[in-house]
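Asker: Sequence and predicted model, in that order:
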Amino acid sequence: MTVSVRRTTVPLTALALVTAAVAGCAGPGGDTTRAGASPVAASSPASAAPRSPSPEGGASKSASASPSASPSPTGWAGLPASASGRTPVFRHGPRAAENDDRGEKREKTEKGEEREEREERGGREKGRDRQDKVVALTFDAVLSVEDEKAAKDRKDSKDTEGAENAEGAKKEKRHDNPALVATLRREKIPATFFMTGLWAKTYPHQARAIGRERLFEVGNLSYSHRAFTSDCEGLTSLDPDKRLADVRKGLEAIRAAGVENPTPYFRFPGGCHDDEARKAIGPAKVTAVAGDVDGRDVGADDPEKIAERVLKEVRPGSVVILRNDRDRAKATEKAVRHLVPELRERGYRLVRVSEMIDSALGR
């Protein structure tokens, strides 16, 4: 049975309502729902450390024990796996019911079993969360095995051709974006970064600096950035037997780069996942974070159009997907400068994913 929180009006203590336990697959442009998944099971209480204040005004909720949160020695709240061991997928946080045309259309497209699940649990959503307009901005920092190989091939070509290839060497691709990180810091914009292990290994100083910044938090985007399904557009598929190892290797590389306290949050490369992939990485005890709004900034040149796309789709509780890559997403930094003031003008409060999960769990 699929569980959705898109238009829920049930108690936030019901974990299934804050976990989009769906199996989805899409190309680099986003995460598209595909197959149903088992409902989420209850978990034992968490033993988490106190959390830092919210950088967007006000203090975040205490990370005291919650009957819905998974135990975490790092202090981050995570969602428990399903009874069958599948990794839970968090797509967006609590949100108010909508009466506009867009909301009505979405309600009509919801599966009957999702509505039945909510009705069985009954009750009402807490008033504070129903009114709290929060948005989490997430940024994917990607360097893949294929990128690493291409860079090596360019270097080998330069060594072979010598000075004749010097001009090409000046155009070496960079997959970091210091200007974006500087803008987030300057404008005091909380953000969650999902890094591949190869990105952290290649840009360790930046990974460490992001991990130490109070405004930011770091999640895992696998080590290789190869797809965890066989039909993920634009990505090479990972050997199914290596999926769990790739998650763990990614986290190890992030820690080795100097990120001392990464979150237990994981993003499937390309947004592609299914029941088999979710079960395969269950032993990693991570919460997969998808997202419901994709800025589609890869290859985009117009920052205003990126911002407009996000503003058109954003709703209370949205998790927005953007990229931290100066080569593939050249316009993202300027798009953020258009986007964030408008979000704040509309009354949205920017938070990190961890704060959204805390709130959704009633912490």
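Answerer: Cool, the structure landed.
Asker: which residue sits closest to Ala331 in space, ignoring its chain neighbours?
Answerer: Nearest in space to Ala331, with sequence neighbours left out and distances taken as CB to CB, 6 or more residues apart in numbering, is Pro303 at 4.3 Å. Using the backbone N, CA and C atoms, a C-beta is placed for each residue, glycine as well.
Asker: Would you agree that neighbour is in contact with Lys330?
Answerer: No: contact criterion CB atoms under 8 Å: Pro303 and Lys330 do not qualify, at 9.0 Å.
Asker: My reading is that His205 is in a helix; is that accurate?
Answerer: Yes: assigned with DSSP: H, G, I helix; E, B strand; the rest coil, His205 falls within a helix.
Asker: Is there a neighbour count for it? I'd like the number.
Answerer: Neighbourhood size, His205 [other CB atoms under 10 Å]: 10.
Asker: quick one: contacts for it?
Answerer: Residues in contact with His205 (CB atoms under 8 Å, 6 or more residues apart in numbering) are Gly258.
Asker: Which strand or helix spans Glu217?
Answerer: strand 216-220 (DSSP states H and E).
Asker: Identify the residues contacting that strand?
Answerer: For strand 216-220, the surrounding residues in contact (CB under 8 Å, 6+ apart) are 76, 138, 184, 190-195, 197, 207, 210-211, 247, 250-251, 254, 259, 262-263, 265-267, 286, 289, 352-354.
Asker: Swap in 6 Å and give it another go.
Answerer: Contacts with strand 216-220, where a contact means CB atoms under 6 Å, 6 or more residues apart in numbering, come from 191-194, 210-211, 250-251, 259, 262-263, 265-266, 352, 354.
Asker: Pick the one among those residues closest to Glu148.
Answerer: Glu148 lies nearest to Gly250 out of these, by CB to CB, at 13.8 Å.
Asker: what sits up against whichever strand or helix holds the closest one?
Answerer: Assigned by DSSP H and E, Gly250 belongs to helix 243-256. Residues outside helix 243-256 that contact it (CB under 6 Å, 6+ apart): 195, 197, 200-201, 220, 222-224, 228, 238, 262, 280-281, 284.
Asker: Buried members of these into ChimeraX, please.
Answerer: A single ChimeraX command selects the buried members of the contacts of helix 243-256 (16 or more other CB atoms under 10 Å):
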select :195,197,200,201,220,222,223,224,228,238,262,280,281,284
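Asker: Out of the contacts of helix 243-256, list just those in helices.
Answerer: 197, 200-201, 280 (DSSP state H).
Asker: And the furthest pair within these?
Answerer: Farthest pair in the ones in helices among the contacts of helix 243-256, by CB to CB: Lys201 and Ala280, 23.4 Å.
Asker: quick one: low-confidence parts of the stretch 1-150 of the chain?
Answerer: 1-55, 57-74, 96-131 (pLDDT under 70).
Asker: let's see it at 50
Answerer: Applying pLDDT under 50 to the stretch 1-150 of the chain flags the ranges 1-51, 59-69, 71, 97, 99-130.
Asker: got it, and the stretch 151-300 of the chain?
Answerer: Using pLDDT under 50, the stretch 151-300 of the chain has no residue that qualifies.
Asker: at 80 what do you get?
Answerer: 151-172 (pLDDT under 80).
Asker: Surely Ile306 and Ala300 touch.
Answerer: Yes: between Ile306 and Ala300 there is a contact under CB atoms under 6 Å: 5.4 Å.
Asker: Tell me which of the two has more neighbours.
Answerer: Neighbour totals were compared for Ile306 and Ala300, and Ile306 leads with 23 against 18 (other CB under 10 Å).
Asker: picking up where we left off before, pull up the overlap in contacts between Ile306 and Ala300.
Answerer: Common contacts of Ile306 and Ala300, defined by CB under 6 Å, 6+ apart, comprise Ala331.
Asker: So the spatially closest residue to Val259 that is not a sequence neighbour versus Glu172, what's the distance?
Answerer: In space, and not counting its chain neighbours, Val259 is closest to Gly211: 3.3 Å by CB to CB, 6+ apart. Distance, Gly211 to Glu172, by CB to CB, to the nearest Å: 25 Å.
Asker: Between the two, which has more neighbouring residues?
Answerer: Just comparing Gly211 and Glu172: by other CB under 10 Å the higher neighbour count belongs to Gly211, 21 against 11.
Asker: what about the more buried one, distance to Gly271?
Answerer: To Gly271, Gly211 is 23 Å away according to CB to CB.
Asker: again with Ser318
Answerer: Relative to Gly271, and taking CB to CB, Ser318 is found at 15 Å.
Asker: tell me which element Val319 is part of?
Answerer: Per DSSP H and E: strand 318-323 holds Val319.
Asker: What strands flank that strand, and is each parallel or antiparallel?
Answerer: Paired neighbours of strand 318-323 in the sheet (DSSP bridges): strand 134-141 (parallel), strand 293-294 (parallel).
Asker: Quick one: those as a markdown table, columns for distance to Ala151 and mean neighbour count too.
Answerer: Putting the strands paired with strand 318-323 into a markdown table (distance: least, CB to CB, whole Å; neighbours: other CB atoms under 10 Å) gives the following:
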| stretch | distance to Ala151 | mean neighbour count |
| --- | --- | --- |
| strand 134-141 | 16 | 26 |
| strand 293-294 | 27 | 22 |
